[in-house]
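Visitor: got a predicted structure plus its sequence, pasted below:
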Amino acid sequence: MSRWVLISVLLLIWAISASMLAVYYYDTAKSLEGKIESQKASEEYIRVNLGIGLWNGTVVWHNGTLVPKGSTLLDVTLAVADVNYTEYPGMGAFIASINGVENSDPYYWMWWVWTSWGGWQEGPVAADRYVVADGETLFWYYEDTSQSPLPTPP
């Protein structure tokens, strides 16, 4: 009888060891797979910070928004918000509303970019013409455009 007990114990130890080794290799393979996917994502995608703010001080930030390289500000905005716009040939997209807040004279959606010198600059082109860069911070501001000069976002 002791021979069968010894064989059973050895088989049990072998089964437990083999299971633990399989779990270790599976975990290692999944970890490497995640690192490879992360590397691929970093080569094909960029992260952009996008704020959407109203004149009353309400601001929603979408920091670290992952978008494909070559995306425009319009692409980023469409990824995080409900946007209505009109495309004007030769001029670009005109934003009519963001998240249900529609342009109503003198309030319009204007966009701004955070500059390397530490200040906001009004967007130089239409949102569909501006290609975003990795780590860039952009801001949509529903502002009173009748004021001169235009106010900077909060």
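Guide: Alright, I've got the coordinates.
Visitor: any idea which residue is closest to the centre of the protein?
Guide: residue 65 (0.9 Å; C-alpha atoms, centre = their mean).
Visitor: for that residue, give me its contacts.
Guide: 47, 48, 49, 50, 76, 79, 80 (C-beta atoms under 8 Å, 6 or more residues apart in numbering). C-betas here are computed from N, CA, C, even on glycine.
Visitor: among those residues, which ones are in helices?
Guide: Secondary structure from DSSP state H places 76, 79, 80 of the contacts of residue 65 in helices.
Visitor: tell me which of these is nearest to residue 89?
Guide: residue 76 (22.4 Å; C-beta to C-beta).
Visitor: what sits against the closest one?
Guide: If you count contacts by C-beta under 8 Å, 6+ apart, then residue 76 has 48, 50, 65, 67, 132, 138 around it.
Visitor: hang on, the last one in a helix?
Guide: No: secondary structure of residue 138, determined by DSSP: H, G, I helix; E, B strand; the rest coil: strand, with no helix assignment.
Visitor: could you pull out the helices for this protein?
Guide: Going by DSSP H, the chain shows helices at 2-44, 73-80.
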